[in-house]
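Peer 1: attaching a predicted model along with its sequence, questions to come.
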Amino acid sequence: MGEYYQGAENLTGVELANFLHDLISTDVQAVTYANAKVALAEADVDPNDQTKVLTIYSRESVNREWDSKSWHREHVWPNSRLGVERVDENDSNIASDLHNLRAIVPRVNSSRGNKIFDITTDSDSFYPGDDCKGDVARILFYMVIRYPHLKLVDEDLDNNPETNYTLEGAKMAKFSILLQWHREDPVDDFERNRNDVIYDWQNNRNPFIDHPEFAAMIFEDESNPLTYNTVILFIERKRNFVWN
C-alpha cells in the first residue's frame, strides 16, 4: 500500500475508517481560503493546457490565473452544510480544505448552490455529470472520514436557512448513489495529479483516490452491497472529536 498507508493492511470497516481518519488528520498543514486560489491554480490545471484550469461539472477549460471572474472556488461539500460559519479569506479550517475545493465556472457555481447530489438536476438536487460524478463521490468520502461531525445520508435534504451553517445541517446526500458513481467513474490521472499537488500543500491525501477499494472496505457490507452502516458507527463513535 506504500509508506503513507503503512498499517492499513488487513483493516476493514470501522477499524480502517478510524485508521484513515487519524492518518489524514495528523500533521495537516492548514491552508487559508485565500491561498486556496493559488493552490487550485496548480491542483486543477488542465492536463492538456498548462495555462488553463479544468473546472468541475461543466469541464470547461478557463484561464488558470486567478482574476475572480474566470473561475471561483467550489465547495463540493457545500460550505453551508459543513457545520461552520461562512468561510472568510483568512480562515484555515474545514471550509478551506483543498480536497473539498475545485475550480468552477461562476454560472455553474450559481446553478449548483448547496444542492445535494442525485441522478437529476432540479430545484433540490444536482447531477455533476458523467465525467465528474466519481470525483464528487471520492471527495465526499474523504470529507466524512476526515471530519466526523459530517454525515452522508440517503434522504432528500432541503435548503433550510435555519440549519445552514450549523452542526444540525452538516449533512450531504445521496450516499448510495455516490457509491455507484465511485464504481462507474473510476479514478483518472487528473485526480491522481491533484491528490499529489494537494499533498504538497496540505500534507494529507485523499485515500479513496490512492486506494479506490477502501470505499467498499469501509462503506459496504459484503452481504448487502452499497450500504453504509459501518461509517455511521464510525461517526457515532467519533462524535466528540474536535477537528483542527
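Peer 2: Yep, that arrived.

Peer 1: contacts, neighbours, all on C-alpha from now
Peer 2: OK.

Peer 1: any idea how far the residue nearest the centre of the chain is from Ser68?
Peer 2: Nearest to the geometric centre of the chain sits Ile139, at 2.4 Å (Cα atoms, centre = their mean). The gap separating Ile139 from Ser68 is 24 Å, by Cα to Cα, to the nearest Å.

Peer 1: and Lys174, what does it touch?
Peer 2: Contacts for Lys174 (Cα atoms under 8 Å, 6 or more residues apart in numbering) come out as Ile116, Phe117, Asp118, Leu152, Val153, Asp154, Glu155, Asp156.

Peer 1: make a markdown table out of the residues you listed and add neighbour count and distance to Ala8.
Peer 2: Listed next are the contacts of Lys174 as a markdown table, based on neighbours: other Cα atoms under 10 Å; distance: Cα to Cα, whole Å:
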| residue | neighbour count | distance to Ala8 |
| --- | --- | --- |
| Ile116 | 25 | 31 |
| Phe117 | 26 | 30 |
| Asp118 | 21 | 31 |
| Leu152 | 21 | 23 |
| Val153 | 15 | 26 |
| Asp154 | 17 | 28 |
| Glu155 | 12 | 31 |
| Asp156 | 15 | 34 |
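
Peer 1: now do the same end-to-end measure for stretch 98-112.
Peer 2: End-to-end span of stretch 98-112 (Cα to Cα): 19 Å.

Peer 1: list the buried ones in it?
Peer 2: By neighbour count on 16 or more other Cα atoms under 10 Å, the buried set for stretch 98-112 is Leu98, His99, Asn100, Leu101, Arg102, Ala103, Ile104, Val105, Pro106, Val108, Asn109, Arg112.

Peer 1: can you redo the residues you listed as JSON lines with secondary structure, pLDDT and distance to Arg86?
Peer 2: Formatted as JSON lines, the buried residues of stretch 98-112 follow (DSSP: H, G, I helix; E, B strand; the rest coil; pLDDT from 0 to 100; distance: Cα to Cα, whole Å):
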{"residue": "Leu98", "secondary structure": "helix", "pLDDT": "98", "distance to Arg86": "16"}
{"residue": "His99", "secondary structure": "helix", "pLDDT": "98", "distance to Arg86": "18"}
{"residue": "Asn100", "secondary structure": "helix", "pLDDT": "98", "distance to Arg86": "15"}
{"residue": "Leu101", "secondary structure": "strand", "pLDDT": "98", "distance to Arg86": "14"}
{"residue": "Arg102", "secondary structure": "strand", "pLDDT": "98", "distance to Arg86": "17"}
{"residue": "Ala103", "secondary structure": "strand", "pLDDT": "98", "distance to Arg86": "18"}
{"residue": "Ile104", "secondary structure": "strand", "pLDDT": "98", "distance to Arg86": "18"}
{"residue": "Val105", "secondary structure": "coil", "pLDDT": "98", "distance to Arg86": "20"}
{"residue": "Pro106", "secondary structure": "helix", "pLDDT": "97", "distance to Arg86": "18"}
{"residue": "Val108", "secondary structure": "helix", "pLDDT": "97", "distance to Arg86": "20"}
{"residue": "Asn109", "secondary structure": "helix", "pLDDT": "95", "distance to Arg86": "16"}
{"residue": "Arg112", "secondary structure": "helix", "pLDDT": "96", "distance to Arg86": "17"}
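
Peer 1: thanks again, I'm all set now.
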